[in-house]
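> Predicted model follows, preceded by the sequence.
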Amino acid sequence: MNPRFRNVRRIGPVQVASYIARGRNRHLAPCTAPRCDFSTEYDSRAAAELAARTHRCKA
Ligand SMILES: [Zn+2]
């Protein structure tokens, strides 16, 4: 994973990571399942973690 990412945490198959893009905190929640292309970006860490927890993996 890109070293810019910090605070990486796994919730089920989904990873939540925080990073800074153009001076702003962003939070990414990509699913690590091989056939799942779920990946979303949020302004808030809470929203990213909620998305990770509620993700229903199709893979
Ligand atoms: Zn998934």
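Noted; the coordinates are in hand.

> Point out the residues in this protein that sit beside the ion.
Counting by CB under 5 Å from the ion, the chain comes close to the ion at 31, 33, 36, 38, 57. (C-beta placed from N, C-alpha, C; glycine too.)

> quick one: buried residues of stretch 27-46?
Residues of stretch 27-46 classed as buried: 27, 28, 29, 30, 31, 36, 38, 42, 45 (neighbour count, 16 or more other CB atoms under 10 Å).

> Apart from its chain neighbours, what residue comes closest to the fourth one?
Meaning residue 30. Nearest non-adjacent residue to residue 30, counting by CB to CB, 6 or more residues apart in numbering: residue 39, 4.0 Å away.

> looking at it, that neighbour is touching residue 31, isn't it?
Yes. At 6.7 Å, residue 39 counts as touching residue 31 under the criterion of CB atoms under 8 Å.

> What pLDDT does the model give the spatially most central residue of the chain?
The centroid of the chain falls nearest to residue 29 when counting by CA atoms, centre = their mean (1.4 Å). Predicted confidence (pLDDT) for residue 29: 97.

> List the contacts of it.
Going by CB atoms under 8 Å, 6 or more residues apart in numbering, residue 29 touches 14-17, 38-42, 48-49, 51-52, 55.

> ditto for residue 16
Contact analysis of residue 16 by CB under 8 Å, 6+ apart lists 7, 8, 9, 10, 27, 28, 29, 45, 48, 49, 52.

> For the second one, pull up the helix or strand it's in.
When you say that, I think you mean residue 8. Using DSSP states H and E, residue 8 falls within strand 6-11.

> can I get the CA coordinates of that strand in CSV?
C-alpha atoms of strand 6-11 as CSV (Å, rounded to 0.1, in the frame of the first residue of the first chain):
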residue,chain,number,x,y,z
ARG,A,6,-1.7,6.2,7.4
ASN,A,7,-4.0,4.9,10.0
VAL,A,8,-4.7,1.8,7.9
ARG,A,9,-7.3,-0.4,9.5
ARG,A,10,-9.1,-3.5,8.3
ILE,A,11,-12.8,-3.9,8.8
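
> List the contacts of it.
Taking CB under 8 Å, 6+ apart as the rule, strand 6-11 contacts 1, 15, 16, 17, 18, 19, 32, 45, 49, 52, 53.
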